[in-house]
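Participant: A structural model of the following input is requested.
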Amino acid sequence: MASFIGVYGRALADVVIDRKLDANGVIAELDLVSSIVKESATLRTIWDNPSIPVERKLKLLDGFAGRVSLSREVRNFVAIIISNRRIHDFRAIAQHAVQQINERLGLADAQIVSARELNAEEKRKLELRITKVTGKTVRVNYLLDPKLMGGAIVKVGSTVYDGSVRGQLQRMKEQWRPNSSAPKPKSPGRTG
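Facilitator: Okay, here's the model as predicted:
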């Protein structure tokens, strides 16, 4: 990771924590800006072009911020990124900011993929288990994948807990593989 990514990410996290901003709202706004920057090559080009005056770039940002109702803090954050010509790195910067915000608030984002829709009690138990394992409060995004056959896959950060039937079968298959360095059994009836 480039050092400037960490600097920007920590700075936004400082603002969120110091001003007691709604972390979920800020994260949602960062996701929105990230997706728009990713989808609009024209916007990226304008915001990164050194021949376009910063004032014009920020005027375009203000129009955009008004249409999507960006908070003042996120608007200012994006303005700094644009002014320093780092818009191409916005997604990485935003991801680092989210990571910093979560760390400071003792939060973890988790993704749970299951073969079927989980009921409220199953969700509660899974979330409680994840909280115990991570020591953090979790925000969970639930997804369905019928290919799992059963069970669930839980992803927290870069850690994956595979409790799916498909995953269990794969582990059994890997454990069962014959050891290629073991001597081959002799054919019956053959000596020597």
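Participant: what residues go with each domain of the chain?
Facilitator: The chain breaks down by automatic domain parsing into domains covering 3-104, 107-176.
Participant: Return the member of those domains having the minimum mean pLDDT.
Facilitator: With a mean of 85, domain 107-176 has the lowest mean pLDDT of these.
Participant: next SSE after the helix or strand harbouring Ala13?
Facilitator: In this structure, Ala13 sits in helix 3-18 according to DSSP states H and E. As assigned by DSSP H and E, the chain's next helix or strand after helix 3-18 is helix 23-39.
Participant: how far off helix 23-39 does the helix or strand that comes right after that next one point, in degrees?
Facilitator: Once helix 23-39 ends, the next helix or strand along the chain (criterion: DSSP H and E) is helix 41-48. With axes from the mean of the first three to the mean of the last three CA atoms, to 10 degrees defining the directions, helix 41-48 sits at 100 degrees from helix 23-39.
Participant: Output the contacting helices and strands for the helix or strand following helix 41-48.
Facilitator: Next along the chain after helix 41-48, taking DSSP H and E as the criterion, comes helix 54-68. When contacts are defined as 3 or more CB pairs under 8 Å, 6 or more residues apart in numbering; DSSP states H and E, helix 54-68 packs onto helix 23-39, helix 41-48, helix 72-83. All C-beta spots, glycine's among them, are computed from the backbone N, C-alpha and C.
Participant: Arg129: which of the ones you listed is closest?
Facilitator: Nearest to Arg129, of all the helices and strands packed on helix 54-68, is helix 23-39, at 22.4 Å by CB to CB.
Participant: Can you mark which positions in that closest one are buried?
Facilitator: Buried residues in helix 23-39, defined by neighbour count with 16 or more other CB atoms under 10 Å: Ala23, Val26, Ile27, Glu29, Leu30, Val33, Ser34, Val37.
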